[in-house]
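Peer 1: can't give you the sequence, but here's the structure:
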């Protein structure tokens, strides 16, 4: 029996694609290599969002070649697409997949006859990711991804519905819809069709909400302009089935910087969509990405970002100091912000995040939240039940006592807000959030 080892770097889409390949290979007789075992086949799914992603991808490939002598290493992912010849020169690399649409051919060469239309399991994870689309048409000046994933490809809604049902039947109680540009789901499939026949993201969500089974949906990152009124109406109507959490990509609160980033909207439109979400959803969990120190960013621009973040009330910020990405227009822009200034602004945003998180956590005391149980702490030295840790519908970490199984959905009444988590007690399992 041949042994298989897989390594994934990067985003949720990569993690899904690795699982798709892994499941297909396990289905024809491969076995996952345990720690210390030498695998005959290694699959590496790479990332190229940053130069650090490239470097980590190379490190992983070299380590696998050392630890699995003689193994056939297959490399796929965005770094493989961007620099295939560079990847081919790395030790042990037998094949480089430069286009994810080649995966069926790859699996066929390994003997997979019945190609799966999706996945049925997601390893040991407590939530399952479902890739619904691929590709990005935007041309943000800081981003390399449209160069390596330029083709919009949306999966048929019936395949997605069947996959979600399989995962729910396998015990996954949270399904995360993901894509390279999630809000563009269905754009390619709707061309030439009358509007009444379109299936875009809101229509897909509506179909998924009608499926039987005990599970909740969560959306991965989405652009503000794609947070439509219809999508918010669905979230408001079914709080027990779709998490009232939105990760809205902001990047900057300055119109001047947004134009240099070549974003499609200004700060006012960003603010309005976020505030609409706050109006239509009870205590929504809003999180975001921010790039600090983009070329030409002044102190005034930075303060505009801080003001937008505070006004909207994002409770979690993924803060990235700008790093010039070779191959992108931003890497060649004048007025590069000095590293010490970038780092100082990062520190200021992290301090702001702590205050925004405190306010949001305190606002949830007394609320009932639906929590996915994900891990258990070690038992206390004095004896008793070890507390459970999980993620609430609004994406906040929650600690609670109890003996509920992992992956269970539990309704928890929040009675305390700590610095980095909430505490509460379970009311009953599998119930909608308040």
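Peer 2: Nice, I can see it. Note that this is a predicted model, so its numbers are computed, not measured. Numbers count the residues shown, from 1 in each chain.
Peer 1: was I right about residue 254 contacting residue 309?
Peer 2: No. Using Cβ atoms under 8 Å, residue 254 is not in contact with residue 309; the gap is 11.8 Å. In this view, the C-beta of every residue, glycine as well, is placed from N, C-alpha and C.
Peer 1: which of those two has more residues huddled nearby?
Peer 2: Per other Cβ atoms under 10 Å, whichever of residue 254 and residue 309 has more neighbours is residue 254, with 24 against 21.
Peer 1: which residues touch the more buried one?
Peer 2: For residue 254, the contact set (Cβ atoms under 8 Å, 6 or more residues apart in numbering) comprises 267, 297, 300, 301, 302, 304, 305.
Peer 1: what number of residues lie near residue 104?
Peer 2: Residues near residue 104, counting by other Cβ under 10 Å: 13.
Peer 1: give me the subset of the contacts of residue 254 that lies in helices.
Peer 2: When DSSP state H is applied, the contacts of residue 254 are split such that 267, 300, 301, 302, 304, 305 fall in helices.
Peer 1: which of these lies closest to residue 9?
Peer 2: residue 305 (28.6 Å; Cβ to Cβ).
Peer 1: weed out the non-buried ones from the contacts of residue 254.
Peer 2: 267, 297, 301, 302, 304, 305 (16 or more other Cβ atoms under 10 Å).
Peer 1: let's have those in CSV, adding distance to residue 360 and pLDDT.
Peer 2: Converted to CSV, these look like this (distance: Cβ to Cβ, whole Å; pLDDT from 0 to 100):
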residue, distance to residue 360, pLDDT
267, 21, 96
297, 26, 98
301, 25, 98
302, 22, 98
304, 22, 98
305, 18, 98
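Peer 1: surely residue 176 is in a strand?
Peer 2: Yes. Assessed with DSSP: H, G, I helix; E, B strand; the rest coil, residue 176 lies in a strand.
Peer 1: from residue 107, how far out is it?
Peer 2: 24 Å (Cβ to Cβ, to the nearest Å).
Peer 1: check residue 400 too.
Peer 2: Residue 400 is 42 Å from residue 107, by Cβ to Cβ.
Peer 1: circling back: closest one of the buried ones among the contacts of residue 254 to residue 14?
Peer 2: The closest of those, once distances to residue 14 are taken by Cβ to Cβ, is residue 305, at 28.6 Å.
Peer 1: state the distance from that closest one to residue 237.
Peer 2: 33 Å.
Peer 1: now for the helix or strand of the chain with the lowest mean pLDDT, which elements pack on it?
Peer 2: Least confident helix or strand, the chain: strand 422-429 with a mean of 86, by mean pLDDT, DSSP states H and E. Contact partners of strand 422-429 among helices and strands, from 3 or more Cβ pairs under 8 Å, 6 or more residues apart in numbering; DSSP states H and E: strand 368-376, strand 397-400, strand 409-417.
Peer 1: quick one: the first one to strand 409-417, angle?
Peer 2: Taking axes from the mean of the first three to the mean of the last three Cα atoms, to 10 degrees, strand 368-376 and strand 409-417 form an angle of 100 degrees between their directions.
Peer 1: and the angle for the helix or strand following strand 368-376 with strand 422-429?
Peer 2: Toward the C-terminal end, the helix or strand that comes next after strand 368-376 (DSSP states H and E) is strand 388-392. If you take the same axes, to 10 degrees, strand 388-392 sits at 90 degrees to strand 422-429.
Peer 1: which helices and strands sit right next to strand 388-392?
Peer 2: Strand 388-392 packs on strand 368-376, strand 397-400, going by 3+ Cβ pairs under 8 Å, 6+ apart.
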